[in-house]
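Have a look at this prediction, sequence included:
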Amino acid sequence: MKIFIGNWKAELPKDTVYYENIKAFGTGFECYDKTEVKDKMITEEKELYGYDSKLDKYVGADFVKGKDIEIWALWFTSNTKYEGIHFSDISNPDKASFKVEGEIKSPDAISQNFIMNGKVILTYNFKRIK
């Protein structure tokens, strides 16, 4: 998970930019995210994740301003690929209706697909901000 630590930016359609700042914290990480459209913030989020050795997964809470909390589980499927699902689907992850699949392309580039009912609905291509 150390590869994620730092500042990231993903440019999305319609003049939308997603920023993510990730810091190491305990056995996991803390994040601050925001989405801007034409330099105006439209969403803001804080996340806190920690490693659960019994599950061999990272478990975390996402707090999106103005929305309900989301609990997630994240894990690596290879040295460069990872998956995430809502914690409520942890007993049967293959049946999760919504999931995230990511790939570390390089130390400065990460691709992340958001998948709903087996179809990619959105892709973020993150670049590290120096």
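The structure has been received and is ready for your questions.

how far away is residue 50 from residue 83?
According to CB to CB, to the nearest Å, residue 50 and residue 83 sit 17 Å apart. Any C-beta I mention is one placed from the backbone N, CA and C, and that applies to glycine too.

out of those two, which sits in the busier spot?
Neighbour totals were compared for residue 50 and residue 83, and residue 83 leads with 17 against 14 (other CB atoms under 10 Å).

List the contacts of the more buried one.
The neighbourhood of residue 83, defined by CB atoms under 8 Å, 6 or more residues apart in numbering, consists of 74-75, 77, 93, 99-102.

Out of the residues you listed, who's the most crowded?
residue 102 (21 neighbours).

That residue reaches residue 115, doesn't it?
No - using CB atoms under 8 Å, residue 102 is not in contact with residue 115, being 10.9 Å away.

Of the contacts of residue 83, which pair is most distant in space?
Within the contacts of residue 83, 93 and 102 form the most distant pair, 14.7 Å apart (CB to CB).

any idea how far the closest residue to residue 101 other than its chain neighbours is from residue 94?
Among residues not flanking residue 101 along the chain, residue 113 sits closest, at 4.9 Å (CB to CB, 6 or more residues apart in numbering). Per CB to CB, residue 113 is found 16 Å from residue 94.

what about the two, which has more around it?
Using other CB under 10 Å as the criterion, residue 113 and residue 94 rank with residue 113 on top: 15 against 7.

burial measure for the nearest residue to residue 104 once chain neighbours are set aside, as a count.
Closest residue to residue 104 apart from its sequence neighbours, by CB to CB, 6+ apart: residue 80 at 4.5 Å. When counting by other CB under 10 Å, one arrives at 13 neighbours for residue 80.

what sits against residue 30?
22-23, 46-49.

residue ranges for the strands of this structure, please.
6-12, 16-25, 28-37, 40-52, 57-64, 70-76, 81-86, 98-106, 109-116, 119-129 (DSSP state E).

how close does the residue of the chain most remote from its centre sit to residue 124?
The centre of the chain is farthest from one residue, residue 38, which by CA atoms, centre = their mean lies 22.5 Å away. Noted for residue 38: a distance of 18 Å to residue 124, by CB to CB.
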